[in-house]
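# Everything below, folded, please.
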Amino acid sequence: MKIVLFFLALVPLVLSASVYSDDVIDKRFSIDDIIKHLQQLDLSGGCVAACEKYVGDFWQFMCSAACKIVLEQTG
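Coordinates of the predicted model:
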């Protein structure tokens, strides 16, 4: 019984240690890659759509200009 428990604990450790290679580790995203990706996103279409959804019908003409100003200040 002890031998079976030993193998039940040992086999997953051996298999998990051999699964990862340098290629797999190099393909993972780093924090810097994620930050660069977020900075390069174009959010202008979403800004206009959200503005038109939450602003009254009369003020929708201002949404594109307002989003342009907001995106210029944050970018």
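# C67 - how many residues pack around it?
Counted with other CB atoms under 10 Å, the neighbours of C67 add up to 20. Every residue, glycine included, has its C-beta placed from N, CA and C.
# for A66, that is, sorry about that
Applying other CB under 10 Å, we find 14 residues neighbouring A66.
# Isn't it up against E52?
No. Contact status for A66 versus E52: not in contact, 10.6 Å apart, counting by CB atoms under 8 Å.
# what's the longest helix in the protein?
Scanning the chain for the longest helix, with DSSP state H as the assignment, gives helix 2-19.
# can you list contacts of that helix?
The set of residues external to helix 2-19 that reach it, using CB atoms under 8 Å, 6 or more residues apart in numbering, is empty.
# pull the CA atoms of that helix into PDB?
Taking C-alpha atoms only, helix 2-19 is exported to PDB below (Å, rounded to 0.1, in the frame of the first residue of the first chain):
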ATOM      1  CA  LYS A   2       2.900   2.400   0.800                       C
ATOM      2  CA  ILE A   3       4.400   1.700  -2.600                       C
ATOM      3  CA  VAL A   4       1.200   2.500  -4.400                       C
ATOM      4  CA  LEU A   5       0.900   5.800  -2.500                       C
ATOM      5  CA  PHE A   6       4.500   6.600  -3.200                       C
ATOM      6  CA  PHE A   7       4.000   6.100  -6.900                       C
ATOM      7  CA  LEU A   8       0.700   8.100  -6.800                       C
ATOM      8  CA  ALA A   9       2.700  11.000  -5.400                       C
ATOM      9  CA  LEU A  10       5.800  10.500  -7.500                       C
ATOM     10  CA  VAL A  11       4.400  10.000 -11.000                       C
ATOM     11  CA  PRO A  12       2.600  13.400 -11.100                       C
ATOM     12  CA  LEU A  13       5.700  15.200  -9.900                       C
ATOM     13  CA  VAL A  14       7.900  13.500 -12.500                       C
ATOM     14  CA  LEU A  15       5.400  14.200 -15.300                       C
ATOM     15  CA  SER A  16       4.800  17.800 -14.400                       C
ATOM     16  CA  ALA A  17       8.500  18.500 -14.200                       C
ATOM     17  CA  SER A  18       9.100  17.200 -17.700                       C
ATOM     18  CA  VAL A  19       6.200  18.900 -19.400                       C
END
